[in-house]
Structures are given as C-alpha cells and as structure tokens.
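Chemist: How does the following fold in three dimensions:
(2 chains)
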Amino acid sequence: MKKHFHNLFIPHHHNNHKAKLLHHQSLSKLILFLLFIQLALSFILQVRPGILGYASNITVSDIYNLTNQQREKENLADLTFNNSLAQSAQQKALHMFANNYWAHNAPDGTSPWYFFKNVNYNYLYAGENLARDFGDSVSTVQAWMDSPTHRDNIMSGNYTEIGIAVVNGILNGQETTLVVQHFGKPTVNAAYLPEAVKTEEITPKTEEVKEEKQQEITTEPEIAQQEILPATEQKIENQNEKVEYQILTKDNTLPEQNLEEQILSQINKFPVFSTFDITKSINLALSFIIIFVLILDGFLIWHKGITRKSGKNFVHLALFVLVALLIILTRSGKVT
Amino acid sequence: MTLFKKKESDFLHTDYFVLLLILSLGGAGYFFFISRPMLQAGVVVATCLLYIIWAIIHHLKEGDFHYKIILEYVLIAFLAIALLLTLIFRT
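Modeler: Sure thing, here's the model as predicted:
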C-alpha cells in the first residue's frame, strides 16, 4: 500500500521519474472516474427519485425583503406583497412540478400569463422570475440581479406589486425548491372585482392592456411576448390532480386551501444529499490532489536536478489552481 | 550571444504572459456567463483548447515538441474540462 502511494505521488526510477498520477494512463482513468460518478448520480436520480436533491433555506419573506432592498438602492418604490400574485406564483410552481418542466412556457403551451388570469389578476404590466436549486434567499436574489433580464423585472418601475412562492417537490427525479416571483401592476379598479363584473369590464379594457403590453416588450424578458391563453376548467382540474402526488410540504401533506397562510410560511426541506454538493466535493478533492502532486513532483525533480522530457508542471499548476478556484466559487442554483 | 539570450528570454516571457491572459480571460468569462450554463461550458472548452494550442506553440518554440508531451497537455485539459463541466451541469 505504502509502495503504491509512493509510486503514485513521488517521482523515482520505478515510475520513470514522474509521479504515476501524472502519467497518461492515470489522467485518463481520472477522467473516466469523473464521468462514472456522474453516470452513477444520474442513475440514482432515475431509480430512487427524491434521495438526491437540494437542501434549501429559502423563505418568501426573505425573498420579498431582499427584492425590495435592491429596489431601494435605486430609489424605487417598494413592491407591495399581493396575495393573488402569490397564489398565481404558487400555481405556476405546482404546474412545473406536476408537468415536470422548468421554463416560463410549459411544454403544453401554457404561458405565465395564464396563471395571472387564473387568479383573476388583471394587469397593466406583468413579469415572472424563476429560480431553482438555490440554498438560500440571498444567493437566489443575487443570481437574479446578475442576470440582466431578471434584474429588469426586479428593478422595473412598471410594477407595483409582487407575489412569491417557494415550493418543494421532485423535478426530474431530484428533490428541489422552486422559487417563483410574479410581478404586476393591476389595471385600475379591475384587479379584484367579482367575476361577474369583470367579464363585463375586461373585454373593452383588453385593448388598452395590449397596447401597454406592446410597449412593455422591450423591457421584459422574452416571455413577455406570449399571448394569454384562455383558462379552461379541464386544465385546472388536471393541474390539481397531478399536484396531489408531486408536491411535498413540511409535514408531507397536500397543500391546503388557505394559500395565503401557506405561501407566507416557510417551507423547510427534508435533509437530502445534493448532487451538486457531491460533485463539488469530489471535483474539489481531485483538483487539490492534482495540485499537490504537481507541486511535489515538480519540487522533487528540481531538487534532484533530474532533466526529463515532459509537460511543465507549473503550467499545469496554473490551470489547476484556476480550476480549483472556479469550483470553490461555483454555487448551486439556476434562474430563468 | 547576450542579445540572443535576451530575445529568447523575452520570447518566453511573452509566452507565459499569453498563458496568463488565456487563463485570466477564461476565469472572467466563467463568471460573466454564470447564469448561462451553455455559454459557461463554452468558455471552459475554449480556454482548455487555447491551453493546448499554447502548449503546442510553446514547445515548438522551445524545440522539445513531442506528441507525448502534447498528449499530457491534452489529458490535463480534458481533466479540467471534466471537472468544471460536471459541476456546471449539476448547478
């Protein structure tokens, strides 16, 4: 065993004066090992969905406060928390889990605006930000701020209200947390009118809304160009059916009808292994081993005054220091 | 002779400066495209390809070019790609 490690890390005449770990064969094996790990993780996700996932500590109130903090930095008015928007954001998150997708537009063509209409929120302007796999609220909002189109939504003066949903569930075999922000500016006196009144008044107002929306397209993400789909009873029923077995709440029960209470309460995740953390740990450990061997090998060769025909250790070292740095600074989470 | 040595030394310094530039731009590009995984992956692959090209040119200049040396750079670059791409697509 000792001899094996000596051969792997120390250059001497048995390994042609080069640490075995830096030989072509060993480097090839390390690449294959990394690919094997990824295949194994993907296999586990397929056969045992829910074991792997992302542990998160995101709360609706934190996302809300951090969003308004960003707006305050540019002297923009705070967004008011709107329960209807929170409800539409919640429905969007449930729809993504139920239909196993992560995008503004569902594979069946359902656009984000469908959910706004579904909760009877009539808007002059509307927008949507999505995030998944983040560990905390700060990194979620920061990722949105780093993306120009999402930043435009957060910092837009067109919006006056916001609704947020933080929902846990299983997406593509992996337990995760979806964060949905729905932004809006309601049409005057129309947002919360009873259904009977709305049907009378919405029709003439639709033209005005469309005009405003055309202007809005330049500042909104690409999703703003989608038409609003008509809400059908059948679609809503199907959506709820699928939600029943997909959504996981804190006590593993179905979402209750009191959405306001549910949405504003923090949903803690079950302890799980994160595929991202596993990959990051393995890759970082491997990078440090390579860095260690390159330094040791280079030093011993220099110290013994051995001349060999080989690549330059300090050049490889520069690359791997960068790789290790990038691995350390890479955080989990995606926005769209 | 002294002049030649000075020029050779400048040549090498330029080489290492170029390498530093490649790696720095690669690192900056990685964070610039942090929210766009495909572009981020593209930056990683491009940086590693430039690393290999740099190695070929550098060893040609030094006069010790050999396919086994370049293969070492290729494998090191592939390992770097594997380390970063597996992470990018797990984020």
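Chemist: mind showing which ranges of the stretch 101-250 of chain A have poor pLDDT?
Modeler: Residue ranges of the stretch 101-250 of chain A with pLDDT under 70: A:189-250.
Chemist: what's the burial count for residue 57?
Modeler: No chain specified, so I'll use chain A. A:Asn57 has 14 neighbours, counted by other CB atoms under 10 Å in any protein chain shown. All C-beta spots, glycine's among them, are computed from the backbone N, C-alpha and C.
Chemist: I was thinking of chain B, sorry if that wasn't clear
Modeler: B:Ile57 has 13 nearby residues by other CB under 10 Å.
Chemist: Spell out which parts of chain B neighbour chain A.
Modeler: Residues of chain B lying close to chain A by CB under 8 Å from any CB of the partner chain are B:19-20, B:23, B:26-27, B:30-31, B:34-35, B:37, B:48, B:51, B:55, B:64, B:66, B:68-69, B:71-73, B:75-80, B:82-84, B:86-88, B:90-91.
Chemist: Buried ones among those?
Modeler: B:19, B:23, B:26-27, B:30, B:34-35, B:48, B:51, B:55, B:69, B:72-73, B:75-80, B:82-84, B:86-88, B:90-91 (16 or more other CB atoms under 10 Å in any protein chain shown).
Chemist: in which helix or strand would I find the most centrally placed residue in chain B?
Modeler: With distances taken as CA atoms, centre = their mean, the residue of chain B nearest its centroid is B:Tyr51 (1.9 Å). B:Tyr51 belongs to helix B:37-62 when assigned by DSSP states H and E.
Chemist: Who are the packing partners of that helix?
Modeler: helix A:313-329, helix B:2-32, helix B:67-88 (3 or more CB pairs under 8 Å, 6 or more residues apart in numbering or on different chains; DSSP states H and E).
Chemist: and the angle from that helix to helix A:313-329?
Modeler: 170 degrees (axes from the mean of the first three to the mean of the last three CA atoms, to 10 degrees).
Chemist: quick one, what contacts the residue of the stretch 51-200 of chain A found nearest chain B?
Modeler: Closest to chain B within the stretch 51-200 of chain A is A:Ser147: 4.3 Å, counting by CB to the nearest CB. The neighbours of A:Ser147, taking CB atoms under 8 Å, 6 or more residues apart in numbering or on different chains as the test, are A:Val335, B:Ser35.
Chemist: where's it relative to B:Arg36, distance?
Modeler: 8 Å (CB to CB, to the nearest Å).
Chemist: who touches stretch A:314-332?
Modeler: Here stretch A:314-332 has contacts from A:54, A:133-135, A:139, A:274, A:276-277, A:280, A:283-284, A:287-288, A:290-291, A:294-295, A:298, B:19-20, B:23, B:26-27, B:30-31, B:48, B:51, B:55, B:73, B:76-77, B:80, B:83-84, B:87-88, B:90-91, using CB under 8 Å, 6+ apart.
Chemist: What's the local residue count around the closest residue to B:Leu75 other than its chain neighbours?
Modeler: Spatial nearest neighbour of B:Leu75, excluding adjacent residues (CB to CB, 6 or more residues apart in numbering or on different chains): A:Leu27 at 3.9 Å. A count of nearby residues for A:Leu27, using other CB under 10 Å, gives 19.
Chemist: shouldn't A:Leu27 be in contact with B:Ala80?
Modeler: No - in this structure, A:Leu27 is not within contact of B:Ala80 by CB atoms under 8 Å, at 10.6 Å.
Chemist: coming back round to it: the helices and strands packed on helix B:37-62: lowest mean pLDDT?
Modeler: Looking at these, the lowest mean pLDDT belongs to helix B:2-32 (a mean of 80).
Chemist: Pull the contacting residues for A:Asp78.
Modeler: Counted by CB under 8 Å, 6+ apart, A:Asp78 has contacts A:Asn68, A:Arg71, A:Glu72.
Chemist: Drop anything exposed from those.
Modeler: By neighbour count, with 16+ other CB under 10 Å, the contacts of A:Asp78 hold A:Asn68, A:Arg71 as buried.
Chemist: Chain B contacts on the stretch 101-250 of chain A?
Modeler: Checking the stretch 101-250 of chain A against chain B by CB under 8 Å from any CB, the hits are A:Asp133, A:Ala143, A:Asp146, A:Ser147, A:His150.
Chemist: What's the PyMOL syntax to select whichever of these are buried?
Modeler: In PyMOL, a selection of the buried entries from these looks like this (16+ other CB under 10 Å):
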select buried, chain A and resi 133+143+147+150
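Chemist: I'd like the residues of the stretch 101-250 of chain A next to chain B written out as TSV, with distance to A:Ser42 and secondary structure added.
Modeler: Shown next, in TSV, are those (distance: CB to CB, whole Å; DSSP: H, G, I helix; E, B strand; the rest coil):
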residue	distance to A:Ser42	secondary structure
A:Asp133	16	coil
A:Ala143	24	helix
A:Asp146	28	helix
A:Ser147	27	coil
A:His150	28	helix
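Chemist: any idea which of the residues of the stretch 101-250 of chain A next to chain B is closest to A:Ser111?
Modeler: A:His150 (17.6 Å; CB to CB).
Chemist: wait, A:Gln174 sits on A:Ile44?
Modeler: No - if you go by CB under 8 Å, A:Gln174 and A:Ile44 don't touch, sitting 9.7 Å apart.
Chemist: So for those two, which residue has more residues nearby?
Modeler: Between A:Gln174 and A:Ile44, A:Gln174 has the larger neighbour count (other CB under 10 Å), namely 24 against 17.
Chemist: Kindly state the beta-bridge partners for that one.
Modeler: Counting by DSSP bridges, A:Gln174 is bridged to A:Leu171.
Chemist: circling back to that earlier point, mind checking the SS state of the residue nearest to B:Leu75?
Modeler: helix (DSSP: H, G, I helix; E, B strand; the rest coil).
Chemist: One more: A:Phe134?
Modeler: Going by three-state DSSP: A:Phe134 is coil.
Chemist: who touches the closest residue to it other than its chain neighbours in this structure?
Modeler: Among residues not flanking A:Phe134 along the chain, A:Gly333 sits closest, at 3.5 Å (CB to CB, 6+ apart). The neighbours of A:Gly333, taking CB under 8 Å, 6+ apart as the test, are A:Ala131, A:Arg132, A:Asp133, A:Phe134, A:Gly135, A:Ser139, A:Thr140, A:Ala143, B:Thr91.
Chemist: That'll do, ta.
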